[in-house]
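K.L.:
need a structure here:
(chains A, B, C, D and E, ligands or ions: 5)
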Amino acid sequence: ADKVTLQLKWVTQAQFGGYYVAKDKGFYEEEGLDVEIKPGGPDVAPVQVLAGGGADVMVDWMPSALAAREKGVPVVNIAQPFKSSGLNLVCRKETGITTPEDFKGKTLGTWFYGNEYPLLSWMSKLGFSTEGGDDGVVIQKIGFNVDPLLQKQADCITAMTYNEYWQILDAGLSPDDLVIFSYEKEGISTLEDGLYVLEENLEDPAFQDKMARFVRASMKGWKWAEANTDEAAEIVLENDMTGAQTEKHQKRMMGEVAKLTAGSNGELDPADYERTVETLLSAGSDPVITKEPEGAWTHAITDKAL
Amino acid sequence: MSRALPVATVIAAIIVIWYLGAVWMNAQWERDQAERAGVEITLAEIIPKTMAQERPVLPAPHQVAVELWDTVAAKPVTSKRSLVWHGWITLSATLLGFAFGTALGVILAIGIVASRTMDISVMPWVIASQMVPILAIAPMMIVVLNAADVGGLVAKAMISMYLSFFPVVVGMVKGLRSPDALQLDLMRTYSANGAQTFLKLRLPASLPYLFTSMKVGVAASLVGAIVAEMTLSQDGGLGSRLLNGSYYGQTMMIWAALIASAVLAGGLIPLIGAAQRLAMRGRPT
Amino acid sequence: MSGAALPVLALVIWAASWALNVFMTGRERAWPWVRYAVPALFGVTLLALWEIGVAALEISPVLLPPPSVIAARIAGSLPILWVDFLQTFKGVMAGYAIGCGAAFLTALAVDRSSFLQRGLLPVGNLVAALPVIGVAPIMVMWFGFDWQSKAAVVVVMCFFPMLVNTVEGLRAADHMQRDLMRTYAATYGQTLVKLRLPAAAPFIFNGLKICTTLSLIGAIVAEFFGTPIVGMGFRISTEVGRMNVDMVWAEIAVAALAGSVFYGMVALMERAVTFWHPSQRG
Amino acid sequence: MSVVSASALSLTFETDDGPVHALSNVSLEVEKGDFVSFIGPSGCGKTTFLRVIADLERATGGAITVNGVSPEAARRARAYGYVFQAAGLYPWRTIGGNIRLPLEIIGIPKAEQAERVARVLELVELEGFEKRFPWQLSGGMQQRASIARALAFDADLLLMDEPFGALDEIVRDHLNEQLLALWARTEKTICFVTHSIPEAVYLSTKIVVMSPRPGRIIDVIDSPLPKQRPLDIRESPEFLEVAHRVREGLRAGHSYED
Amino acid sequence: MSVVSASALSLTFETDDGPVHALSNVSLEVEKGDFVSFIGPSGCGKTTFLRVIADLERATGGAITVNGVSPEAARRARAYGYVFQAAGLYPWRTIGGNIRLPLEIIGIPKAEQAERVARVLELVELEGFEKRFPWQLSGGMQQRASIARALAFDADLLLMDEPFGALDEIVRDHLNEQLLALWARTEKTICFVTHSIPEAVYLSTKIVVMSPRPGRIIDVIDSPLPKQRPLDIRESPEFLEVAHRVREGLRAGHSYED
Ligand SMILES: Nc1ncnc2c1ncn2[C@@H]1O[C@H](COP(=O)(O)OP(=O)(O)OP(=O)(O)O)[C@@H](O)[C@H]1O
Ligand SMILES: Nc1ncnc2c1ncn2[C@@H]1O[C@H](COP(=O)(O)OP(=O)(O)OP(=O)(O)O)[C@@H](O)[C@H]1O
Ligand SMILES: Cc1ncc(C[n+]2csc(CCO)c2C)c(N)n1
Ligand SMILES: [Mg+2]
Ligand SMILES: [Mg+2]
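P.N.:
Residues are numbered from 1 along each chain as shown, chains lettered A, B, ... in the order given. Ligands and ions are numbered 1, 2, ... in the order given. As a prediction, the model looks like this:
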């Protein structure tokens, strides 16, 4: 069987359920693939792993993939299992925030490590300086969890619909205590978990073929996971070697993730790509990317696969 | 045991302070919750609630104890939900890295003491190497090691080594230089060669320094293993528990992992103390 | 350059520079500047090998940029590097002072009371051996995003090495030296100031030196878990994510430089205070 | 009142290798103003006895008082100055700093400290070495520095463990005279360990001869010599007779079988 | 061929406090089989001179050879055994282990090591203390252990820096006799620092009297005493005459003004 190493963007969880399902249900094996799934973690940059030859394909968000491309690591999107964005900015209601205009003078917490681009783009679109002051917002880097919101260290924080949002509710805040801004609804969403490979590898037809089979099996996994969220969550749980995940949380996450993958057969919609690029380019003084990328995606693989 | 009573007293004091801290630090949340719900809450109502929160700022000791019981005693040690299992994973990387680190530290120290060129050229860079924030390069190191086909355990041990060799170098250099002029002159009169002076004088004289440094080194090694486990979370280990506990807001899991790692360190350090007593038996105390 | 020539070239550079260093060390008495030239040459050699190696092995700049690129980045980013340095060093210095001070006082308490010695030392060892990485998120939650939480992490990190070394050092005075103090019926404080502390100084400085490096690591690592968007740790983690690996190394270089200067100052103090110790008399 | 009063004192060290009986059934009275020398083979317990008086070692049997109180109380009252067998100077202090040490501890004013240091340095002929560090001095000079340190302390009881062992005859004679003069002038009580029979006889009002392990007192000789002792008294018949008696006692006790 | 040949040797220590002239213009020949004693006031440079012979200190002027070669070459050839002024036992080794140390270093077989250790322990009367640690011994016992260590080494040249300083007269007499017997039997060359005039005269074929800083040789006395020396030779007129001459030399050199 052909060996494929997949580098995830984060730790083993239902966010990556489709891949685990494909592996567990033998979809990869059916395609003659022997897939190793490497979870990520804080400060694991999937692009680096890819560039270092530690993986053949990675899961990453498009803003950071495009940024990497501009930095000289030519990664190419070969498939886009996530159709829509699960990213939100969640604020405590008591801060008085009701519209994006109210962010002025407030403290917003975000993850960094390539995950900050969507927020920065949004702020520059709103015309807010991120340096603080009366006309700006204070940006803070937050760790992996929602404590800054709970402990009132930040007025708003970024939260995924499938994870942090539920943690906030679990912690005892009710939806009534919160004001939620969805990137999707604000029209500034950027593409999330897509599959990327190194451009130079794509020149090899054998590699193309391998990736086509990989994408086909992965999408089969995703569609199975969408249809069987609870079982998919259990597969994820089995693959979690840390024993830290809870069934309740993973099942819920799988349910939410299923909503994000729902509209995709794996093929990247060029319109989504354009919107992402436009959002990123429009960021003011310190844009994520400075020029229109070229060749950042291909349908070659999905065309073959589907 | 002459230690039992004092240790028990100190632990009791810590627990009392801990409970007070838990009440004090968690109370704000209860007050906020009451305010959001629009109800009045009295202190008598707050206190019990502060000790039973799911995401406390500081969990009460018994909450951590329950978690520890669940993950240590109530799970088979082969379960991935067992803290013993994860502790063992961390311990093995720690010990391997500590062995590498001590060996590297001792070898460097010998070189530094033996060669003036080594001393002035290498020592500043050894120091500078420690100013490199390990967490920043740990993932990169692991990426590189992985590309070179180095497995998880060894990769983790390398990080441990990186952190633990330094205290050993510093302490060992000092120890190897601690013999006084008279003791060194004696060796000169025997025209002892470098190896003999080392084995029969410098090494025994350095032991108190070496073991003190090793106690620091083993703690550093543990930290290194845990840092590496955050990157290599798929292998489990206390680091992966810390990461996941933090990520999923499972405060009890964090504290249980913290306590487990403290207990590990707490077990390793006396072991080194015992080795020290063995190696230095007969010397005046 | 051909594959075979490369290791040879590297080896030649290495051997030549080492030989030169050995030669210079031999003339140390005549040429005092050798003290600085030798480590500098050693470092330059490492950098040269790095530069050649990266180019020859065609290592991707997102994995490891060559020193020339890093140098250019340092030169081009001085203002950012400077504010990051200031932010981080606030936490380092405050934490270092508080952590080492607290450990020192604890060591005295432990030394004073055998009850504490037997009770606090084992427990203290446990508590202080907590891994930074677990402590940092908690400290950020307790002490906020700014430098105070970094200082708290540094305190926790420095405490243990300093405690162990100080306790060991307080045992260093030999029997006769102590007996002398007994004959004077010296008070505890007098014995401490005039005998135990001077005798402990080599050990205490050992702890202080180890803490310089630990405090820097601690402060930088703590910034990974929450920080205003400035600071060396913040920059490092952010720029890795942005594939600006040259900036990461620029920060690392500044950290190494600043940390080494910090260490060097402690070492100078050590030399002044423990001039009498055989290890300082050469 | 006796300055030191020991009765049936014994001391046993427990070692891994079995007990060592360092002192056994030692009874002795030292009166105020006495100059008592202890002489005996190496390892017989002289140092140990001095250490018991100084409360640096605790007897395992018998009773002892110093100035009528326990050795501990006497030590706390700073009743004595002690010259150790080895110099034991602190390496981080200069010679002057070492001598000043006890003065700082008992809280003598700065000016008087300087004055005392200068005086005792002159007494032991180390003028000009005040600023040197111990490792820059010869063995004999270190020993003299340690004597100076004890003299600067100026207690009424002086415990001296082979203070002049590393000194040449001339300096030794000189210091012997100085010590006698000091003793005569100040009425100090002195317990003095020496290996030199002439020195013991020349200096002492009372000579205690000890036998080897377990250390016992085998002879206590009260000196018939007058308090005024020129150096040439060492050729007088009384002197030689006492010396002879000491030598005999030593020889008798010198049975190495134990 | 001279064992030690020094001509116009001088040595100056540079200290923060200015230079210390420890040796100045010292010329001396020590022939094979000589027993040379060095005597002189404390701090006059005796130890320094021995250290120069032993290549532990380098002269700053003049020339010196040991066995016809440089001190360094002689040291490398393990030409001498050295007894330091302070015992300098390694605290982590037992007495036996300390004595065995040089034997291990020169690679003597185990069995012979044990035999030699037993022999020298007996010589210095420390049988039964082989397994003790240094800090469990009295000062004199430690010094004897360090003598034993040097004797076990068994070199042709012995450098001894006040080896018997902390010993009582009886043991000292005994060890003096032992040392003389050893010297007569083995034809060793011995350089011996002492503060005791009788000891110097009793032991030596040649007595070197030194004056204080800057250390100079002020007298070299060839002993008229026969090689066979019973202890009571010390009452003979020749003996007393030599002793007198040494004392005069010492006194003359004892000008403390410098
Ligand atoms: N700490 C100790 N542990 C065990 N034995 C000891 C200890 N201190 C002294 N001894 C033993 O006690 C005995 C008496 O020792 P002490 O030092 O009193 O002798 P001393 O008369 O002063 O001899 P010297 O003239 O050689 O100094 C010796 O046999 C010695 O080995
Ligand atoms: N390392 C040193 N640094 C500076 N001065 C020194 C050093 N070693 C010795 N001296 C000085 O050299 C002189 C001679 O010292 P040395 O030890 O040779 O004397 P000594 O004759 O052996 O005296 P003693 O009989 O007291 O042992 C002394 O004045 C001493 O202060
Ligand atoms: C350094 C860092 N990286 C990621 C996340 C949060 N996070 C976990 S999963 C996920 C969705 C994308 O995979 C995001 C954003 C964080 N908190 N810190
Ligand atoms: Mg003694
Ligand atoms: Mg000397």
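
K.L.:
hey, where'd the helices end up in chain C?
P.N.:
Listed in chain order, the helices of chain C (DSSP state H) span C:5-26, C:34-56, C:67-76, C:78-112, C:114-128, C:132-143, C:147-170, C:175-183, C:188-191, C:197-222, C:232-241, C:245-273, C:278-281.

K.L.:
If we ignore the residues flanking it in sequence, what's nearest C:Phe115?
P.N.:
Among residues not flanking C:Phe115 along the chain, B:Pro6 sits closest, at 5.0 Å (CB to CB, 6 or more residues apart in numbering or on different chains). The way it works is simple: take the backbone N, C-alpha and C, and place the C-beta from them, glycine included.

K.L.:
In this structure that neighbour contacts C:Leu116, no?
P.N.:
Yes: taking contacts as CB atoms under 8 Å, B:Pro6 lies within contact range of C:Leu116: 7.1 Å.

K.L.:
Surely C:Glu168 is in contact with B:Met214?
P.N.:
No: if you go by CB under 8 Å, C:Glu168 and B:Met214 don't touch, sitting 11.8 Å apart.

K.L.:
The two - which one has more neighbours?
P.N.:
Neighbours per residue, other CB atoms under 10 Å in any protein chain shown: of C:Glu168 and B:Met214, the larger number sits with B:Met214, 27 against 22.

K.L.:
give me the low-pLDDT residue ranges for the chain?
P.N.:
You didn't say which chain, so I picked chain A. A:133, A:283-287 (pLDDT under 70).

K.L.:
Please refer instead to chain D.
P.N.:
Scanning chain D for pLDDT under 70 picks out D:213, D:254-258.

K.L.:
ranges for the strands of it?
P.N.:
Listed in chain order, the strands of chain D (DSSP state E) span D:2-15, D:18-31, D:35-39, D:61-66, D:80-83, D:157-161, D:189-193, D:206-211, D:216-222.

K.L.:
neighbour-wise, which of B:Pro6 and C:Leu116 wins?
P.N.:
Between B:Pro6 and C:Leu116, B:Pro6 has the larger neighbour count (other CB under 10 Å), namely 21 against 18.

K.L.:
returning to what we had before: now mean neighbour count and distance to ligand 2 too, for the strands of chain D, in TSV please.
P.N.:
Converted to TSV, the strands of chain D look like this (neighbours: other CB atoms under 10 Å in any protein chain shown; distance: least, CB to the nearest ligand atom, whole Å):
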stretch	mean neighbour count	distance to ligand 2
strand D:2-15	18	31
strand D:18-31	18	29
strand D:35-39	26	23
strand D:61-66	18	33
strand D:80-83	27	16
strand D:157-161	24	18
strand D:189-193	26	19
strand D:206-211	24	27
strand D:216-222	17	31
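
K.L.:
so which of these comes closest to D:Arg132?
P.N.:
Smallest distance to D:Arg132 across the strands of chain D (CB to CB): 19.6 Å, for strand D:80-83.

K.L.:
thinking again about what came up before, just to be sure, the residue nearest to C:Phe115 is in a helix?
P.N.:
Yes: counting by DSSP: H, G, I helix; E, B strand; the rest coil, B:Pro6 is part of a helix.

K.L.:
what's it in contact with, if anything?
P.N.:
By CB atoms under 8 Å, 6 or more residues apart in numbering or on different chains, the contact set of B:Pro6 is C:Phe115, C:Leu116, C:Gln117, C:Arg118, C:Gly119, C:Leu120.

K.L.:
can you tell me which residues contact residue 93?
P.N.:
This is for chain A. Counting by CB under 8 Å, 6+ apart, A:Lys93 makes contact with A:Asp176, A:Asp177, A:Leu178, A:Val179.

K.L.:
hm, I was asking about chain D
P.N.:
By CB under 8 Å, 6+ apart, the contact set of D:Arg93 is C:Pro198, D:Leu101, D:Phe133, D:Pro134.

K.L.:
do the same with B:Val122
P.N.:
B:Val122 sits next to B:Leu108, B:Gly111, B:Ile112, C:Phe42 when contact means CB under 8 Å, 6+ apart.
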